[in-house]
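Undergrad: When you get a sec, could you give me coordinates for this:
(chains A and B)
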2 protein chains.
Amino acid sequence: MNALGRHILAEFYGCNANILNDVEKVETVMVNAALEAGAEVREVAFHKFSPQGVSGVVVISESHLAIHTWPELRYAAIDVFTCGDRVNPWDACHYLVESLQATEVDSTEVQRGKLKELNAQKVS
Amino acid sequence: MNALGRHILAEFYGCNANILNDVEKVETVMVNAALEAGAEVREVAFHKFSPQGVSGVVVISESHLAIHTWPELRYAAIDVFTCGDRVNPWDACHYLVESLQATEVDSTEVQRGKLKELNAQKVS
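TA: Residues are numbered from 1 along each chain as shown, chains lettered A, B, ... in the order given. Next comes the predicted model:
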């Protein structure tokens, strides 16, 4: 790895609106996605909005997963950020696509904490 | 706005290592950053790692802020994701640069939930 972490930013379209509006289901799916990737869950924080929508985060030993849902648009913004080479963020992402029943996904992987940059910043 | 949200991904270098390793200070700084941007704090989840490092997330009505710190590298990975046009994620980001005493920052703003894409996905 050339970086401390891998961060997937994913736009999920055409999801199941009922799931996206159910805070308990969304929390279960997000925690399971973390476990699916082999991550260790540390903290969980979810919130249900009125009249609709859910936001939540799973803090893992390897960084975090986050979700924000717009059930009325059948859209969810997903982040899967993992550090180290023991877990693969794409395992969590693929699990989420299936669980939220997304019909289309637009995703990008970004490197976080590039080693080259970190070495350049080192104070001698 | 052409999108539901604005997401800043920022690499903070040369930060104050003592702050980065103090979970209470990091939490305070992150909550204050959210407030600085005019956001409404909903949930907070922070975790201190052994031997060092802090991970944490502030869920706000307008999405979330996240941080992962490597005190030994004086590095922090920061995310500030806000929805709507009432809050400006850069206000939170600038506050964090000052509070964590970063000497160099590499940041990018990404649009989340682009309206063009969402309209194209609409089922008639």
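Undergrad: Return the lowest-mean-pLDDT helix or strand in chain A as PDB; C-alpha atoms alone will do.
TA: Sorting the helices and strands of chain A by mean pLDDT, DSSP states H and E puts helix A:115-121 at the bottom, at a mean of 86. Taking Å, rounded to 0.1, in the frame of the first residue of the first chain, the C-alpha atoms of helix A:115-121 are listed here in PDB:
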ATOM      1  CA  LEU A 115       3.100   7.700   2.400                       C
ATOM      2  CA  LYS A 116       5.000   9.900  -0.100                       C
ATOM      3  CA  GLU A 117       3.400  13.000   1.300                       C
ATOM      4  CA  LEU A 118       3.800  11.900   4.900                       C
ATOM      5  CA  ASN A 119       7.500  11.200   4.400                       C
ATOM      6  CA  ALA A 120       7.900  14.700   2.800                       C
ATOM      7  CA  GLN A 121       6.400  16.200   5.900                       C
END
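Undergrad: does it come close to chain B?
TA: Yes - Helix A:115-121 reaches chain B (C-beta under 8 Å from any C-beta of the partner chain) through A:Glu117, A:Leu118, A:Gln121. For glycine as for every other residue, the C-beta is placed from the backbone atoms N, C-alpha and C.
Undergrad: do stretch A:48-66 as well
TA: Yes - shown here: stretch A:48-66 in contact with chain B (C-beta under 8 Å from any C-beta) through A:Phe49, A:Ser55, A:Gly56, A:Val57, A:Val59, A:Ser61, A:Ser63, A:His64, A:Ala66.
Undergrad: is A:Ala10 in a bridge, and if so with what?
TA: Beta-bridge pairing of A:Ala10 under DSSP bridges involves A:Ile78, A:Ser107.
Undergrad: hang on, it packs against A:Val110?
TA: No - A:Ala10 is beyond contact range of A:Val110, at 11.3 Å (criterion: C-beta atoms under 8 Å).
Undergrad: can you pull the pLDDT of A:Met1?
TA: The model reports A:Met1 with a pLDDT of 72.
Undergrad: Can you name the residues that contact the spatially closest residue to A:Leu9 that is not a sequence neighbour?
TA: Setting aside the residues directly before and after it, A:Leu9 is nearest to A:Thr108 in space (C-beta to C-beta, 6 or more residues apart in numbering or on different chains), at 5.2 Å. Counting by C-beta atoms under 8 Å, 6 or more residues apart in numbering or on different chains, A:Thr108 makes contact with A:Ile8, A:Leu9, A:Ala10.
Undergrad: Please enumerate the strands of chain A.
TA: A:3-13, A:41-48, A:54-60, A:63-70, A:75-83, A:104-114 (DSSP state E).
Undergrad: Parallel or antiparallel, which strands does the fourth one pair with?
TA: When sheet partners are counted by DSSP bridges, strand A:63-70 sits next to strand A:54-60 (antiparallel), strand A:75-83 (antiparallel).
Undergrad: Kindly calculate the angle that that strand makes with strand A:3-13.
TA: On the basis of axes from the mean of the first three to the mean of the last three C-alpha atoms, to 10 degrees, strand A:63-70 is oriented at 20 degrees to strand A:3-13.
Undergrad: In chain A, where is pLDDT below threshold?
TA: Scanning chain A for pLDDT under 70 picks out the ranges A:122-124.
Undergrad: now check the lengthiest helix in it, is it near chain B?
TA: In chain A, assigned by DSSP state H, the helix with the most residues is helix A:23-36. No - using C-beta under 8 Å from any C-beta, helix A:23-36 stays clear of chain B, coming no nearer than 11.3 Å.
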